[in-house]
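K.L.:
structure for this input, please:
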Amino acid sequence: MKSNLVIHPSDTSTVFLSPIYSGLENTSVLVGRTSYDEVFKLCQRHKRILMMGHGSPFGLFAVGQFNSEFFLPYIINDKYVPLFKNQPDNVFIWCNADEFMERNQLKGFYTGMFISETTEAAFCGLGVVEKSIVEASNDAFSAIVHKYINCPKKELYEKVKKEYEVVAKDNIVAAYNHSRLYYS
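P.N.:
Residues are numbered from 1 along each chain as shown. Sure, this is the predicted structure:
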């Protein structure tokens, strides 16, 4: 049994998250081209699942990237909740994962609305933000999470909050994202 399963649907706008799991030992990585049934089976066989990319309160998006007979916009959705109840150290990094977690009473390290693109900054009321500011926030977040990814979830949360707060002092996007980091 491998320790970690990473589910990170292929998307050029979320490639900045890949350093989080880069070099992580005893890890399987899924970026697509796998059936939904196989993803479910893999989730059952791993101790911890790291899920990241774009999402909504209803799950992690993966439109058209995983094999299915049906059009399914999510690779992770409520179907997985029973599995996640027994895996309290999972990591959920996608926009509005907090609503998914709270609605389903799950445990782990997770994000709320998370700005990772300039259009999201405008949508979230930050106005026009330079791409370099968004990229600096993205890169710092991924590097910090990577540094502590093997820590227990409370320690992961505390250390990421503390270090990312330094970035947030001078970066409006990081400040927004910093206030939307959680663990339960």
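
K.L.:
distance of the nearest residue to A143 once chain neighbours are set aside from V145?
P.N.:
Leaving out its chain neighbours, the residue that sits closest to A143 by C-beta to C-beta, 6 or more residues apart in numbering is P19, at 6.2 Å. Backbone N, C-alpha and C define where each C-beta goes, glycine included. Between P19 and V145 the distance is 8 Å, computed by C-beta to C-beta, to the nearest Å.

K.L.:
which one of the two has more residues nearby?
P.N.:
The neighbour count for P19 versus V145, taken as other C-beta atoms under 10 Å, is higher for V145 (24 against 16).

K.L.:
list the residues that contact that one.
P.N.:
V145 makes contact with I20, V91, I93, L156, V160, according to C-beta atoms under 8 Å, 6 or more residues apart in numbering.

K.L.:
list the buried residues in stretch 142-160.
P.N.:
S142, I144, V145, H146, Y148, I149, K153, L156, Y157, V160 (16 or more other C-beta atoms under 10 Å).

K.L.:
tell me who's in contact with the first one.
P.N.:
For S142, the contact set (C-beta under 8 Å, 6+ apart) comprises F16, L17, S18, P19, I20.

K.L.:
who does the residue sitting nearest the centre point of the chain bridge with?
P.N.:
Nearest residue to the geometric centre of the chain (C-alpha atoms, centre = their mean): I93, 1.6 Å. Legend: beta-bridge partners of I93 under DSSP bridges are M52.

K.L.:
next up, the contacts around it.
P.N.:
L17, I20, L50, M51, M52, G53, Y110, T111, F114, V145.

K.L.:
repeat that for V129.
P.N.:
The contact partners of V129, by C-beta under 8 Å, 6+ apart, come to T118, A121, A122, I172, V173.
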